[in-house]
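Chemist: give me a 3D structure for the following:
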Amino acid sequence: MQVIAIVNEKGGTAKTTTTVNLAACLGESGQRVLVVDDFTVFIYFQF
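Modeler: This next block holds a predicted model:
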């Protein structure tokens, strides 16, 4: 089993797009693929 991680703390860097496209290419080539997108959003309200 091989693990590939695409990580960048900055938003808007096409992480999800890259992940989906990579998974699609690997899947089309016969690889078994599991994609986990941990999109954690922290919302801060100041009163």
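
Chemist: CA atoms only: put stretch 14-25 into CSV for me.
Modeler: Listed next in CSV are the C-alpha coordinates belonging to stretch 14-25 (Å, rounded to 0.1, in the frame of the first residue of the first chain):
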residue,chain,number,x,y,z
ALA,A,14,-6.0,23.6,-5.7
LYS,A,15,-5.4,20.8,-3.2
THR,A,16,-8.8,19.2,-3.8
THR,A,17,-8.6,19.6,-7.6
THR,A,18,-5.1,18.0,-7.6
THR,A,19,-6.3,15.2,-5.4
VAL,A,20,-9.3,14.4,-7.5
ASN,A,21,-7.4,14.5,-10.8
LEU,A,22,-4.6,12.3,-9.4
ALA,A,23,-7.1,9.8,-8.0
ALA,A,24,-8.9,9.7,-11.4
CYS,A,25,-5.7,9.0,-13.3
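
Chemist: got the end-to-end distance for stretch 22-36?
Modeler: Distance across stretch 22-36, first residue to last, is 13 Å (C-alpha to C-alpha, to the nearest Å).

Chemist: how far away is Gly27 from Val33?
Modeler: 5 Å (C-beta to C-beta, to the nearest Å). Backbone N, C-alpha and C define where each C-beta goes, glycine included.

Chemist: find the residues that touch each one of those two.
Modeler: Here Gly27 and Val33 have no joint contacts, going by C-beta atoms under 8 Å, 6 or more residues apart in numbering.

Chemist: show the average pLDDT along stretch 12-23.
Modeler: For stretch 12-23, the mean per-residue pLDDT is 89.

Chemist: name the surrounding residues that touch it.
Modeler: 4, 6-8, 33, 35, 37, 39.

Chemist: which parts of that stretch are buried?
Modeler: Across stretch 12-23, burial judged by 16 or more other C-beta atoms under 10 Å covers Thr19.
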